[in-house]
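Colleague: fold the following for me, if possible:
(one chain, ligands or ions: 1)
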Amino acid sequence: MSNDNWKGYQKFKISRPNTEAYYDLIRTVFTQGVEQVCNNTKFSNTIDLGCGSGELTQDLLNYSHKVTGVDSSPELIRLAQKDADPQKLNFIHSDVLALPCYLI
Ligand SMILES: C[S@@+](CC[C@H](N)C(=O)[O-])C[C@H]1O[C@@H](n2cnc3c(N)ncnc32)[C@H](O)[C@@H]1O
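Modeller: From the prediction side, this is the model:
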């Protein structure tokens, strides 16, 4: 897991107007999809596999009391942990394929 291919991803997402607009669209579509799945219920726990720097993980708190984000990039996990409320958000640096069964 030492090969961090996603280093700098957060900066890339806002590097150009077109790129930023693309990721805004992704966030909108993601939110609409989650709203459909939730159908006005709030889940107890949710897991976000490949959470990156955690923006969408934070958004999931609108639909879940607690959210766990998992990512193999140490840099992105560090960014995600910054300013995260530990009562509600938990970030794990791991390959998703190496997670213990009780998490998934
Ligand atoms: C396209 S990015 C999406 C990040 C975030 N979900 C977002 O929307 O901003 C894919 C993410 O998946 C992570 N990833 C890829 N393969 C992984 C694996 N096997 N285990 C954990 N994370 C992985 C990468 O580090 C990267 O942060």
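
Colleague: which one is Asn90 nearest to, not counting chain neighbours?
Modeller: Spatial nearest neighbour of Asn90, excluding adjacent residues (Cβ to Cβ, 6 or more residues apart in numbering): Thr68 at 4.6 Å. The way it works is simple: take the backbone N, C-alpha and C, and place the C-beta from them, glycine included.

Colleague: ok, the one you found - how many residues close by?
Modeller: By the criterion of other Cβ atoms under 10 Å, Thr68 has 20 neighbours.

Colleague: that one and Gly8, how far apart?
Modeller: Note on Thr68: its distance to Gly8, by Cβ to Cβ, to the nearest Å, is 24 Å.

Colleague: which bits of the chain sit near the ligand?
Modeller: Residues of the chain lying close to the ligand by Cβ under 6 Å from any ligand atom are 6, 9, 50-52, 55-56, 70-73, 76, 95-97.

Colleague: pick out the most distant pair among the residues you listed.
Modeller: Glu55 and Leu97 (23.4 Å; Cβ to Cβ).

Colleague: strands of this protein, residue ranges please.
Modeller: 43-49, 64-71, 89-93 (DSSP state E).

Colleague: got a list of contacts for the first one?
Modeller: Translated: strand 43-49. Contacts with strand 43-49, where a contact means Cβ atoms under 8 Å, 6 or more residues apart in numbering, come from 54, 56-57, 60, 63-70, 96, 103-104.

Colleague: what mean pLDDT does that strand get?
Modeller: Averaging pLDDT along strand 43-49 gives 96.
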